[in-house]
Every structure is written in structure tokens, then in C-alpha cells.
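S.K.: After the sequence you'll find the predicted model.
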Amino acid sequence: MAKKEPAKPLFPLKGEFYASLDNFAHQAGMLRDVVAQMIDMGQAPPAAEGILRERVAAFDAARFGDTE
């Protein structure tokens, strides 16, 4: 049986969590930009272009709020 590590207290990990979340948000934004550029340049697969446009719009709404 594997040895279970004791749970770590939350507050000392808070900084690590914020840093990880910030990095994740940054990487997700970069990925969104690449997908948007692919669509704009006509490089997205035609069968997936509509879905990718919807996902980029949904990501923007989740990240920045509804812009309508």
C-alpha cells in the first residue's frame, strides 16, 4: 500500500495556487490567440472552423464578460 502524504495547510500554498492559476490563464490566453490567428489566416480546418469560432467567443465571454 502506498504511503499517503499528510494534507498540507491551505494558506502557505495560497501563493503557489495564485501563481499556478495566473500561469494557466496566461497559457490559455496564448492558445486562444493562436486559434484566432489560425481562423483569421484561413489555416483552421474548414470542418472545425465554426466550432473553433464558437469556442473562442465562449472563452472571451468567460474571460472578459459578455461583450454584447
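M.R.: Sure thing, it's come through.

S.K.: what packs against the top helix by length along the chain?
M.R.: Longest helix in the chain, counting residues (DSSP state H): helix 10-40. Judged by 3 or more C-beta pairs under 8 Å, 6 or more residues apart in numbering; DSSP states H and E, helix 10-40 is in contact with helix 49-64. In short, each C-beta sits where N, CA and C put it, glycine included.

S.K.: Pull the distance from stretch 23-39 to the chain's centre.
M.R.: Chain-centre distance of stretch 23-39: 7 Å, with C-alpha atoms, centre = their mean, to the nearest Å.

S.K.: Spatially, what comes nearest to the most centrally placed residue in the chain if we skip its sequence neighbours?
M.R.: Of all residues in the chain, the one closest to the mean position by C-alpha atoms, centre = their mean is residue 28, 3.1 Å from it. Using C-beta to C-beta, 6 or more residues apart in numbering and skipping residues adjacent in sequence, the residue nearest residue 28 is residue 59, 7.3 Å away.

S.K.: So, low pLDDT: which residues of the protein?
M.R.: Confidence mapping of the chain against pLDDT under 70 gives the ranges 1-2, 9-10, 67-68.

S.K.: try 80
M.R.: Residue ranges of the chain with pLDDT under 80: 1-3, 7-14, 66-68.

S.K.: Could you pull out the buried residues of the longest helix of the chain?
M.R.: Buried residues in helix 10-40, counted by 16 or more other C-beta atoms under 10 Å: 35, 36, 39.
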